[in-house]
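# Kindly generate the corresponding structure for this input.
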Amino acid sequence: MDNQTGFLKFDLPTPAELFPKGRRSKKSQDRRLYEQLLIGPVTNVQMRDNPELRFLSHTRRIATLRELLEPYGWTVVGHDLIGGIVEYRLEKIQQARAAA
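Next up, the predicted model:
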């Protein structure tokens, strides 16, 4: 939330804004996932198999990003594909609620 206006910000924060120095490492799993989501959608399979990510459990990473992005008016939304594959993407909270 913007401290001056009291309104939500709707611009996506940079990785440096979302993960300030000292709070989260540049190499943290949360930051690496956020950087991948800024590029485009990521599946749970990619989170497991991508050499940049290699997460054994991605659910905590997704939950953390949702918490961090909420003040900016964004969230991470999962869409079921096939065979247990879920595609995650960044979406504005208003769009995510409308799609639900």
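# need the strands for the chain, in chain order.
For the chain, applying DSSP state E gives strands covering 42-43, 74-80, 86-92.
# Asp11: which of those strands is closest?
strand 74-80 (8.8 Å; Cβ to Cβ). C-beta: built from backbone N, CA, C; applies to glycine.
# can you pull the contacts of the closest residue in space to Leu81 that isn't next to it in sequence?
Spatially, and ignoring its direct neighbours in sequence, Leu81 is nearest to Glu87 (5.6 Å; Cβ to Cβ, 6 or more residues apart in numbering). Applying Cβ atoms under 8 Å, 6 or more residues apart in numbering, one finds that Glu87 lies in contact with 41-43, 78-79, 81.
# In TSV: those residues, plus distance to Ile93 and neighbour count.
TSV is the format used below for the contacts of Glu87 (distance: Cβ to Cβ, whole Å; neighbours: other Cβ atoms under 10 Å):
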residue	distance to Ile93	neighbour count
Pro41	17	14
Val42	19	21
Thr43	22	17
Gly78	15	15
His79	16	13
Leu81	23	12
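# Tell me the one among the residues you listed nearest to Glu52.
Distance to Glu52, by Cβ to Cβ, is smallest for Val42 among these, at 10.1 Å.
# I'd like the distance between that closest one and Thr59.
Val42 sits 14 Å away from Thr59, taking Cβ to Cβ, to the nearest Å as the criterion.
# what sits against Thr75?
By Cβ under 8 Å, 6+ apart, the neighbours of Thr75 are 66, 69, 90-93, 96.
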